[in-house]
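Trainee: predicted model and sequence below, questions to follow.
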Amino acid sequence: MRFNPKARLDTSRMRDVGRSGGGGGGMGGGGMRIPIPGGTKAGGGIGGVLIIILFLVLTQCVGGGTGGTSLPDTGLDTSRMAGTDTGRYANCKTGQDAQDSPDCARVAVENSLTDFWSKALPDQSDTAFQPISAMQTFSGGTSTGCGDATAEVGPFYCPTDSTIYLDTTFFEQVLQGQLNGPAGDFVEPYVLAHEYGHHIQNLLGTMGQVQTQRGPNSDAVRLELQADCYAGMWAKNATTTGDASGEALILGLTQQDIQQAIEAAKSVGDDRIQQQTTGRVNQEQWTHGSAAARVKWFQVGYSKGTLQACDTFSPATVE
């Protein structure tokens, strides 16, 4: 992925709290420590967390309504966030910074996602766009609008505070180390695009459709696969996104970039995680979809590029 050196970066929605404690209750404490098949504890490894995190976030933050969660009106709402901003992203000014620094690349990806959805969402639906409140990075643990999160929690979106949370050690220590997932510059952008997809679902009210939480064709799986599809939509159009003045943010994606996204999608499929963590595959415990389904729906979004094509709730089966 090549960033445009002339582009100007907007860090207003970026926040980092460094290494913080995170409490013992809420999402990151007792709420996360529930067993999954094979005896693995969710609090003890990302395998369990990836399988159940969406369900916990939804049940704690969304409830059974039919509309989207109310979002902060303007600006960055830090009232429920722990820690003080470390200023990690303060020096991210240009696309050249994004080319040189993984931190600044994260800023550029957030900017690109915001620009893409600011046009695609109102163009393809009756829903007004509103950006995420923040993308917050941390390590160790942090407090969120959905409760406390520990380092074992993978990247996730909290609808209560409209924020994407990311432990910056996740990709190397967990995705690559524990799950044998891929390395590469486009792995993180795929994950961030997936989480931004959950924000779009929140705006559309799709999260309120989740009633069944487990199984290969459950509502929870359909929600996750739709977020993968939305990630594919952005990847297809990433080079059309621009900064505040219209200067292109991303000059090019390669086939290798797309392949890295596909490999990352495979590595977090429920069957792949179960096989890695328990040695057995149990479809009835799935909440995110199989590796094949995650790849399939990312590719649907990439090839067709519309919200309508990403309707995972209508088909009888999504596998």
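Mentor: In hand now; what should we look at?

Trainee: which residues does Phe3 bridge with?
Mentor: Bridge pairing for Phe3 (DSSP bridges) gives the partners Ile250.

Trainee: check the gap between it and Thr168 for me.
Mentor: 19 Å (Cβ to Cβ, to the nearest Å). Where C-beta positions appear, they are placed from N, C-alpha and C, glycine not excepted.

Trainee: neighbour count: the two, which is higher?
Mentor: Neighbour comparison, Phe3 and Thr168: the larger count goes to Phe3, with 24 against 20 (by other Cβ atoms under 10 Å).

Trainee: residues in contact with the more buried one?
Mentor: The neighbours of Phe3, taking Cβ atoms under 8 Å, 6 or more residues apart in numbering as the test, are 95-96, 98-99, 105, 108, 249-251.

Trainee: and the helices in the stretch 101-250 of the chain?
Mentor: For the stretch 101-250 of the chain, the helices defined by DSSP state H, counting those that start in this stretch occupy 102-124, 187-204, 219-237.

Trainee: got a markdown table for the ones you listed, with distance to Gln211 too?
Mentor: As requested, the helices of the stretch 101-250 of the chain are exported to a markdown table (distance: least, Cβ to Cβ, whole Å):
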| stretch | distance to Gln211 |
| --- | --- |
| helix 102-124 | 24 |
| helix 187-204 | 15 |
| helix 219-237 | 5 |
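
Trainee: and of the ones you listed, who's closest to Gly145?
Mentor: Of all these, helix 187-204 sits nearest to Gly145, with 12.0 Å by Cβ to Cβ.

Trainee: who does the closest one touch, helix- and strand-wise?
Mentor: Based on contacts counted as 3 or more Cβ pairs under 8 Å, 6 or more residues apart in numbering; DSSP states H and E, the elements that helix 187-204 packs against are helix 102-124, strand 156-158, strand 163-167, helix 219-237, helix 255-267.

Trainee: keeping just the C-alphas, turn that helix into PDB.
Mentor: Output in PDB follows, covering the C-alpha atoms of helix 187-204 (Å, rounded to 0.1, in the frame of the first residue of the first chain):
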ATOM      1  CA  VAL A 187      -3.100  -7.000   7.700                       C
ATOM      2  CA  GLU A 188      -3.900  -4.200  10.100                       C
ATOM      3  CA  PRO A 189      -5.800  -2.000   7.600                       C
ATOM      4  CA  TYR A 190      -8.100  -5.000   6.900                       C
ATOM      5  CA  VAL A 191      -8.800  -5.500  10.600                       C
ATOM      6  CA  LEU A 192      -9.400  -1.700  11.100                       C
ATOM      7  CA  ALA A 193     -11.700  -1.700   8.000                       C
ATOM      8  CA  HIS A 194     -13.600  -4.600   9.500                       C
ATOM      9  CA  GLU A 195     -14.100  -2.800  12.800                       C
ATOM     10  CA  TYR A 196     -15.100   0.400  11.000                       C
ATOM     11  CA  GLY A 197     -17.700  -1.800   9.300                       C
ATOM     12  CA  HIS A 198     -19.200  -2.500  12.700                       C
ATOM     13  CA  HIS A 199     -19.600   1.300  13.100                       C
ATOM     14  CA  ILE A 200     -21.500   1.500   9.800                       C
ATOM     15  CA  GLN A 201     -23.700  -1.300  11.100                       C
ATOM     16  CA  ASN A 202     -24.300   0.700  14.200                       C
ATOM     17  CA  LEU A 203     -25.300   3.700  12.200                       C
ATOM     18  CA  LEU A 204     -27.600   1.600  10.000                       C
END
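
Trainee: quick one: it to chain centroid distance?
Mentor: Here the centre of mass of C-alpha atoms in helix 187-204, compared against the chain's by Cα atoms, centre = their mean, to the nearest Å, lies 4 Å away.

Trainee: one more: stretch 202-218?
Mentor: What separates the centre of stretch 202-218 from the centre of its chain is 16 Å, taken as Cα atoms, centre = their mean.

Trainee: likewise for stretch 252-269?
Mentor: Per Cα atoms, centre = their mean, the centroid offset for stretch 252-269 relative to its chain is 15 Å.

Trainee: what does the average pLDDT come to for it?
Mentor: The predicted model assigns stretch 252-269 a mean pLDDT of 90.
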